[in-house]
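Visitor: Here's a sequence, model it:
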Amino acid sequence: MNLTVLAASGRTGLALTREALRRGHTVTAIARDPGRIDVPASARLHKVAGDVEDPASIAGAAGTIVLSGLGTDRAGVLLAGAKAVVAAAPRRIVWLGAYGTGKSAEVAGEAAGALTNLLGDRLGDKVEADGLILAAGGTVFHAGLLTDGPESPGRRTVGLAAGPPLDFKAVITRATVAGAMLDEAETPRFEGTIALPLPD
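Guide: Next comes the predicted model:
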């Protein structure tokens, strides 16, 4: 498959890019600075400069299936990214969100309230971006606290109704999230809905 990875130089974007190549896919990896996409050269890897705040750069690079590892500490960037990706009109979008925000807040329980203070003005941006992707028929993965490390061998993906309470002591590796997002890109199960990657 030909896949596009947005924010490919970030830690989650790198995990997505590496796993996609490992699975034999051809990857267009987009980053503001493609030189920061720290992945060995491959005939199936195409590094491209793109910035979500320049929608034309995304439209020119996005293929039919887009996976986003976009995360930010600035308000407005996620929404700009969602708008740019939706405008590019890919056939499938697999987007990274945060568990305990927006539609997953109620399922996540009391701990989700702490995210309001933690995310500040970025919370609304995340929620609005998720809504735009869902309205376009994309899948939004609401992951818990991310860490580095290997993919969990017992990982699984569940729908929002099966979500556990949010636990700030529990973590999930970016490799585990990347594996779940790529499963969805290859064989969609949660189109137009929120999915939860769980380590086991």
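
Visitor: measure the spatially closest residue to residue 31 that is not a sequence neighbour to residue 15 for me?
Guide: Sequence neighbours aside, residue 9 is the residue nearest to residue 31 in space, at 3.8 Å (criterion: Cβ to Cβ, 6 or more residues apart in numbering). For the C-beta atoms, the positions are set from N, CA and C on the backbone; glycine is no exception. Distance of residue 9 to residue 15, computed by Cβ to Cβ, to the nearest Å: 12 Å.

Visitor: Show me which of these two is the more surrounded one.
Guide: Per other Cβ atoms under 10 Å, whichever of residue 9 and residue 15 has more neighbours is residue 15, with 25 against 21.

Visitor: Tell me how far the more buried one lies from residue 150.
Guide: Residue 15 is 11 Å from residue 150, by Cβ to Cβ.

Visitor: Give the residues shared as contacts by these two.
Guide: residue 175 (Cβ atoms under 8 Å, 6 or more residues apart in numbering).

Visitor: give me every residue that touches residue 27.
Guide: By Cβ under 8 Å, 6+ apart, the neighbours of residue 27 are 2-5, 8, 17, 20-21, 44-46.

Visitor: of all those, which two lie farthest apart?
Guide: 2 and 8 (14.4 Å; Cβ to Cβ).

Visitor: higher neighbour count, those two?
Guide: Neighbour count, other Cβ under 10 Å: between residue 2 and residue 8, residue 8 has more, with 32 against 13.

Visitor: rewinding a little: which ones among the contacts of residue 27 are found in strands?
Guide: 2-5, 45-46 (DSSP state E).

Visitor: Tell me the backbone dihedrals of residue 157, please.
Guide: phi -120, psi 130 (degrees, to the nearest 10).

Visitor: Also residue 86?
Guide: Note on residue 86: backbone dihedrals following degrees, to the nearest 10 are phi -60, psi -40.

Visitor: To what extent is the residue nearest to it when sequence neighbours are not counted buried, counted in neighbours?
Guide: Residue nearest to residue 86 in three dimensions, not counting chain neighbours: residue 136, with 4.7 Å by Cβ to Cβ, 6+ apart. The local packing of residue 136 (other Cβ under 10 Å) involves 17 other residues.

Visitor: I'm done for today, thanks for sticking with me.
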